[in-house]
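Novice: Everything below, folded, please.
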Amino acid sequence: MAVFVVVKGVVLTIIAFGLMVFVHELGHFLAAKLIGVRVDCFSFGFGPKLLARTWRKTEYCLSAVPLGGYVKMAGGDEGEEATGAADEFVSKTPGQRTLVLVAGPLFSVLFGIPLAMGMFLVGRETPGSHVSYVAIGSPAWDAGVKQGDRVVGLGLNSIASFEELKQAVAETAPDEPLDLRVERGGKEIVLHITRPKGKPLGVICTYLHTTIKEIEADTPAAASDLRPGDKVLAVNGKPLRGWFDFRRHVLPNPDRPVTLDVERQGQTLQLTLTPKAVERPDPGFTVKLPTTVGFVRKGFPADGKLREGDVILRVNGKPVGDWWTLEDAAAEGPAELALAVQRGEEKLTVTVTREAGLMLTDTLGIAPTPVYVVTSVHAQTEPTLEVGDTIVKAGKNDLAEVIPQQGLYTPLDDVLVFLANAGEVTVRRGAEEFVVPLTPATRQVGQLGVVPTATEVIQKTSLLGSIVPALERTANISTFAFKVIAKLFQRDVPLSDLMGPVGIAQVTYLSATRGWADLLWLIHLITVNIGVFNLLPVPPLDGGRIVMLGYEKLRGKRPSRRIQEAILMAGLALVVVIFLVATFNDFRRLFF
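Specialist: Take a look at the predicted model:
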């Protein structure tokens, strides 16, 4: 089965690439025929010809490499083989040649319409707009967005999915105050948010519930009475606030029984399962998030009571030694919390009342200092690690960025995998900082074999009902592509976001293995962007050649061969630079 999935993914990726480029070339071909240009060869694919047939002076070919196609027009695209014949491309008027050049991008964009219709017919599940994480220090953090909020609007845009939210954010101008509408506790509230230039909004909407969606075959869950649709309320008596809590309590228990409190059809059941032991990378030590306050949100209960640098020692008399223990202690008991705090040389008690929310980032408005502290060492390193050392980097990843952006509520066992995979860590000991290479090793964690339910919206309509949404989506993607290109030049979108052919092939393959809806969605996105990108006024792209034709129309003659070649080389150099940057990004994502 796994081999079939891989083969299917590879084959569909090749077909998708070939189809996208072929449709673009088909536009050029049909327009050339329309204005009377002789087309010497029209091929699907590149390389050696497998099949060929000549009809009406055109050789139609099926070539060996099915990654697109090409059109060979009489006299050459730039007149390099021109003889002066009336049916050569360069013999046509600038307006006629412009039609041929525009037809390729136009066909790419129009091809997106049936693709989008197919996506809506098949039905595609996409993450909803329920907030699963708010990046610490981000615009969303400053605006007061909470985990569990459902985003329903940004500015004038209505929002139903994470995809729509990301597009709406990308279309907004930086440093412009916006109204962010969220649904919280059954009520819609308006938050005021400003996104600085080059900075993301700071929300993730991949919200996972503790309701079981699927049970994997040949796993402890499959051998138990656990069923899809069951909602796990607690593990070993500890209530769950989200899927991260489920993983936090199951992963540390390989081959050890765990008790699940499960809600099924209004009844609560207790099931005992033994997680299967699986091997995962191990860094050779364990860590914790300290209870040192690193961030305090304005307008939240802790604002004005706790300060950055405060070390929380106890909650309602209960000692807390790490951030997870602090989270658990603060969630238990009364809403009014008595916090024993070390502030410099002073010890004091701070009383604060938590408000509605899942975690301390929302209930009190605090987050820890973004470092990991070593709590035990079980493997030899050089230099040696010691208990109490502070880890500030994992490989090239600065924890001051990683933890606030996405890693605060990562279960400890997942953190250890992240550190092990980094290959080395940067350690701070007092005033000294040094790098510690890590020796590959493994450790055992527990797995039950269950898949959680995500908050998703389903985009599905009938054949007739798909027409308008498909047109709207294609138009939105077209204009969105222009806006993103503009933002690249304005430095509001980083160059590191560019994706090249390797990255496109990778995501196409992943989409192909997930199902037709995801594949159609991605091909639609790429083919429309191909059309838009080719309209950029940069030779040798179609848009650059159209600009040259405009010059020819105004001056009444073509530029000299030397000027054409100079402009072509300059444009080609820019395209090559963009290609190299995008390809570098692809490999950086794959290997670093």
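Novice: Where does pLDDT dip in this structure?
Specialist: The model of the chain has pLDDT under 70 over residues 1-6, 77-81, 500-502, 504-505, 509, 512, 585-592.
Novice: how does it divide into domains?
Specialist: 2-35+92-123+516-591, 208-283 (automatic domain parsing).
Novice: Mind putting these into JSON lines with mean neighbour count?
Specialist: In this view, the C-beta of every residue, glycine as well, is placed from N, C-alpha and C. Shown next, in JSON lines, are those (neighbours: other Cβ atoms under 10 Å):
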{"stretch": "domain 2-35+92-123+516-591", "mean neighbour count": "18"}
{"stretch": "domain 208-283", "mean neighbour count": "17"}
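Novice: would you turn those domains into a markdown table with distance to residue 52?
Specialist: A markdown table is the format used below for the domains of the chain (distance: least, Cβ to Cβ, whole Å):
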| stretch | distance to residue 52 |
| --- | --- |
| domain 2-35+92-123+516-591 | 16 |
| domain 208-283 | 49 |
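Novice: So which of those is nearest residue 477?
Specialist: Residue 477 sits nearest to domain 2-35+92-123+516-591 of all these, at 4.6 Å, using Cβ to Cβ.
Novice: quick one: the closest one to chain centroid distance?
Specialist: In terms of Cα atoms, centre = their mean, to the nearest Å, the centre of domain 2-35+92-123+516-591 is set 24 Å apart from its chain centre.
Novice: What of stretch 188-204?
Specialist: Taking Cα atoms, centre = their mean, one finds the center of stretch 188-204 at 17 Å from the center of the full chain.
Novice: can you give me the helices for the stretch 301-450 of the chain?
Specialist: Taking DSSP state H, counting those that start in this stretch, the helices of the stretch 301-450 of the chain run over residues 323-331, 360-363, 399-402, 412-422.
Novice: Now render the ones you listed as JSON lines, adding mean neighbour count and distance to residue 48.
Specialist: Shown next, in JSON lines, are those (neighbours: other Cβ atoms under 10 Å; distance: least, Cβ to Cβ, whole Å):
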{"stretch": "helix 323-331", "mean neighbour count": "20", "distance to residue 48": "61"}
{"stretch": "helix 360-363", "mean neighbour count": "23", "distance to residue 48": "60"}
{"stretch": "helix 399-402", "mean neighbour count": "16", "distance to residue 48": "49"}
{"stretch": "helix 412-422", "mean neighbour count": "19", "distance to residue 48": "43"}
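Novice: can you tell which of those is closest to residue 145?
Specialist: Nearest of the helices of the stretch 301-450 of the chain to residue 145, taken as Cβ to Cβ: helix 360-363 at 9.0 Å.
Novice: give me every residue that touches residue 189.
Specialist: Residues near residue 189 by Cβ atoms under 8 Å, 6 or more residues apart in numbering: 181-183.
Novice: OK, contacts around residue 50?
Specialist: For residue 50, the contact set (Cβ under 8 Å, 6+ apart) comprises 61-64.
Novice: Verify the contact between residue 394 and residue 425 for me.
Specialist: Yes. Using Cβ atoms under 8 Å, residue 394 is in contact with residue 425, at 5.6 Å.
Novice: Now the common contact residues for these two.
Specialist: Jointly contacting residue 394 and residue 425 under the rule Cβ under 8 Å, 6+ apart are residue 419.
Novice: Identify the residue spatially nearest to residue 171, adjacent ones excluded.
Specialist: Nearest non-adjacent residue to residue 171, counting by Cβ to Cβ, 6 or more residues apart in numbering: residue 483, 5.6 Å away.
Novice: sorry, back to before: just the buried members of the contacts of residue 50?
Specialist: By neighbour count, with 16 or more other Cβ atoms under 10 Å, the contacts of residue 50 hold 61, 63 as buried.
Novice: Can you tell me which of the contacts of residue 50 end up in helices?
Specialist: Applying DSSP state H to those, no entry is found in helices.
Novice: Just the ones of the contacts of residue 50 in strands?
Specialist: In strands, defined here by DSSP state E, the members of the contacts of residue 50 are 61-64.
Novice: Turn those residues into TSV, columns for distance to residue 124.
Specialist: Shown next, in TSV, are these (distance: Cβ to Cβ, whole Å):
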residue	distance to residue 124
61	35
62	32
63	33
64	34
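Novice: Dump the contacts of residue 189 to JSON lines, plus neighbour count.
Specialist: Below are those laid out as JSON lines (neighbours: other Cβ under 10 Å):
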{"residue": "181", "neighbour count": "19"}
{"residue": "182", "neighbour count": "26"}
{"residue": "183", "neighbour count": "16"}
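Novice: can you tell me which of these are in strands?
Specialist: Per DSSP E, the contacts of residue 189 map to strands at 181-183.
Novice: which one of these is nearest residue 135?
Specialist: So of those, ranked by how close each gets to residue 135 (Cβ to Cβ), first place is residue 182, at 15.8 Å.
Novice: Can you give me the distance of that closest one to residue 246?
Specialist: According to Cβ to Cβ, to the nearest Å, residue 182 stands 25 Å off from residue 246.
Novice: Quick one: residues in contact with the helix or strand hosting residue 525.
Specialist: Assigned by DSSP states H and E, residue 525 belongs to helix 516-533. Residues outside helix 516-533 that contact it (Cβ under 8 Å, 6+ apart) are 12, 16, 19-21, 23-24, 104-109, 111-112, 115-116, 118-119, 122-125, 473-474, 477-478, 481-482, 485, 504, 507-508, 511-512, 541.
Novice: Could you list the alpha-carbon positions for it in PDB?
Specialist: Coordinates of the C-alpha atoms in helix 516-533 are reproduced here as PDB (Å, rounded to 0.1, in the frame of the first residue of the first chain):
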ATOM      1  CA  TRP A 516      -7.700  14.900  -5.500                       C
ATOM      2  CA  ALA A 517      -9.100  17.900  -3.800                       C
ATOM      3  CA  ASP A 518      -5.700  19.000  -2.400                       C
ATOM      4  CA  LEU A 519      -4.000  18.300  -5.700                       C
ATOM      5  CA  LEU A 520      -6.600  20.300  -7.700                       C
ATOM      6  CA  TRP A 521      -6.300  23.100  -5.200                       C
ATOM      7  CA  LEU A 522      -2.500  23.200  -5.600                       C
ATOM      8  CA  ILE A 523      -2.400  22.900  -9.400                       C
ATOM      9  CA  HIS A 524      -4.900  25.700  -9.500                       C
ATOM     10  CA  LEU A 525      -2.800  27.900  -7.300                       C
ATOM     11  CA  ILE A 526       0.400  27.200  -9.300                       C
ATOM     12  CA  THR A 527      -1.000  27.500 -12.800                       C
ATOM     13  CA  VAL A 528      -2.700  30.800 -12.100                       C
ATOM     14  CA  ASN A 529       0.600  32.100 -10.600                       C
ATOM     15  CA  ILE A 530       2.500  30.800 -13.700                       C
ATOM     16  CA  GLY A 531       0.200  33.000 -15.800                       C
ATOM     17  CA  VAL A 532       0.700  36.100 -13.500                       C
ATOM     18  CA  PHE A 533       4.500  35.600 -13.200                       C
END
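Novice: bridging residues for the closest residue to residue 420 other than its chain neighbours?
Specialist: Using Cβ to Cβ, 6+ apart and skipping residues adjacent in sequence, the residue nearest residue 420 is residue 281, 3.6 Å away. On the basis of DSSP bridges, residue 281 is bridged to residue 442.
Novice: likewise residue 151?
Specialist: Beta-bridge partners, per DSSP bridges, of residue 151: residue 182.
Novice: how about it, what does it touch?
Specialist: Counting by Cβ under 8 Å, 6+ apart, residue 151 has contacts 129, 131, 159, 165, 180-182, 203, 205.
Novice: following the helix of greatest length in the chain, which helix or strand comes up?
Specialist: Ranked by residue count, the top helix of the chain under DSSP H comes out as helix 2-34. Scanning forward in sequence from helix 2-34 by DSSP H and E, the next helix or strand is strand 39-55.
Novice: sorry, back to before: and the residue nearest to residue 420, what does it touch?
Specialist: By Cβ under 8 Å, 6+ apart, the residues touching residue 281 are 416-417, 420-421, 440-443.
Novice: in the stretch 151-300 of the chain, which spans are strands?
Specialist: Here the stretch 151-300 of the chain has its strands, by DSSP state E, counting those that start in this stretch, at 157-158, 178-184, 187-193, 203-204, 208-215, 231-235, 238-239, 258-264, 267-273, 276-282, 285-288, 293-296.
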